[in-house]
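A.B. asks: sharing a sequence plus its predicted fold:
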Amino acid sequence: MTASRETLQVNSSTLPLIDLRDVIKVYSTAAGEFTALKGINAQVQKGEFLGVIGKSGAGKSTLLNMITGVDDITTGEVVVRNNGTETYVHQLDEDELALWRGHTMGIIYQSFQLLPMLTLIENVTLPMDLCGLYHPRKSRERALELLEMVELEEHAYKLPAFISGGQQQRVAIARALANDPPILVADEPTGSLDSVTSDHIFELFDRLVDEQGKTIVMVTHDKSIAPRFSRILSIVDGELAAPVEEDEAAPEAVAEKKPRKKRRWLW
């Protein structure tokens with residue numbers, strides 16, 4: 001098969017999973033042009049739990065949008081390697097991009113973005129139905145399995161309005177995993193949650209990395225959670241800065257991690 005310019009067959013075993021090369025993003029506004037990203041060069045390895053930390057407006061969400069292809073790039077390249085295939089994200093057309101994203105990435109938002117008129121199981125089933133990876137009966141079975149994984153199977157037929165915010169975020173994670181993507185990107189997923197609930201979300205992310213081999217890229221403004229990540233990128237005014245030092249984080253967050261234990265959800 002002849003490889004297209006956008007997707008190439010490669011031996012990617014020793015190459016980064018995600019490769020950002022001189023990524024620049026410029027927005028046109030009423031006040032003139034605004035450069036949100038200024039020549040970002042970064043790599044993400046398979047199996048990392050990468051944190052991107054920066055203040056509001058620093059360019060964190062824009063960086064995620066470049067990785068997922070949700071927003072157009074101004075200049076530069078984003079390359080994602082998976083299953084021996086090298087994809088130049090911003091060279092895909094809209095249909096190719098939607099299909100590639102549905103197979104390759106799960107996206108988790110701070111505001112959950114569950115469809116309010118669909119039950120929890122229908123929300124989780126939706127990405128599978130859109131991508132056509134599973135027979136409808138199989139997609140429903142998988143959705144139940146994912147809800148069981150996040151310990152919400154007993155709420156499967158409820159609408160989102162009838163569960164808590166923390167539970168809705170767990171449903172959003174289950175939905176992001178629907179097509180078994182190798183990569184999860186999370187945009188402030190704990191930003192609207194209390195500290196106990198946030199801790200449980202991190203425990204789930206840890207398990208996804210350790211037990212399922214997922215790669216997670218998460219953005220946050222909260223330096224105190226820096227020790228939770230396997231590696232950190234710090235972004236300031238659209239540029240990568242020196243890594244966040246542990247002594248900048250809250251003392252209680254820097255304490256040595258205890259071995260993780262499986263525990264029931266308390267929220």
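C.D. replies: Happy to help now that I have it. Everything numeric here is computed off the predicted structure, so don't read it as measured data.

A.B. asks: contacts, neighbours, all on C-alpha from now
C.D. replies: OK.

A.B. asks: secondary structure element for A186?
C.D. replies: Taking DSSP states H and E as the criterion, A186 maps to strand 183-187.

A.B. asks: for that strand, packing partners?
C.D. replies: Helices and strands touching strand 183-187, as assessed by 3 or more C-alpha pairs under 8 Å, 6 or more residues apart in numbering; DSSP states H and E, comprise helix 60-68, strand 105-109, strand 215-220.

A.B. asks: of these, which is nearest V236?
C.D. replies: Of all those, helix 60-68 sits nearest to V236, with 9.0 Å by C-alpha to C-alpha.

A.B. asks: contact partners of the closest one?
C.D. replies: 18, 20, 25, 36-37, 52-54, 71-73, 78, 89, 101, 105, 185, 187, 219-220, 235 (C-alpha atoms under 8 Å, 6 or more residues apart in numbering).

A.B. asks: any of those residues buried? List them.
C.D. replies: Among the contacts of helix 60-68, those classed as buried by 16 or more other C-alpha atoms under 10 Å are 18, 20, 25, 36-37, 52-54, 73, 78, 89, 101, 105, 185, 187, 219-220, 235.

A.B. asks: out of the residues you listed, which sit inside helices?
C.D. replies: R101 (DSSP state H).

A.B. asks: so what angle separates the directions of the helix or strand just after the strand holding A186 and strand 215-220?
C.D. replies: Counting by DSSP H and E, the element after strand 183-187 in chain order, helix or strand, is helix 195-212. In terms of direction (axes from the mean of the first three to the mean of the last three C-alpha atoms, to 10 degrees), helix 195-212 departs from strand 215-220 by 160 degrees.

A.B. asks: packing partners for helix 195-212?
C.D. replies: When contacts are defined as 3+ C-alpha pairs under 8 Å, 6+ apart, helix 195-212 sits against strand 215-220.

A.B. asks: run the chain-centre distance for the strand it packs on.
C.D. replies: 5 Å (C-alpha atoms, centre = their mean, to the nearest Å).

A.B. asks: using CSV, list the CA coordinates for it.
C.D. replies: What follows is strand 215-220, C-alpha atoms only, in CSV (Å, rounded to 0.1, in the frame of the first residue of the first chain):
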residue,chain,number,x,y,z
THR,A,215,-0.4,7.9,27.6
ILE,A,216,-2.0,11.0,29.3
VAL,A,217,-1.3,14.7,28.6
MET,A,218,-3.1,16.9,31.2
VAL,A,219,-3.0,20.7,31.5
THR,A,220,-3.5,22.5,34.8
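
A.B. asks: so where's the stretch 151-267 of the chain shaky on pLDDT?
C.D. replies: 242-267 (pLDDT under 70).

A.B. asks: helix or strand: which one has D22?
C.D. replies: Applying DSSP H and E, one finds D22 within strand 18-29.
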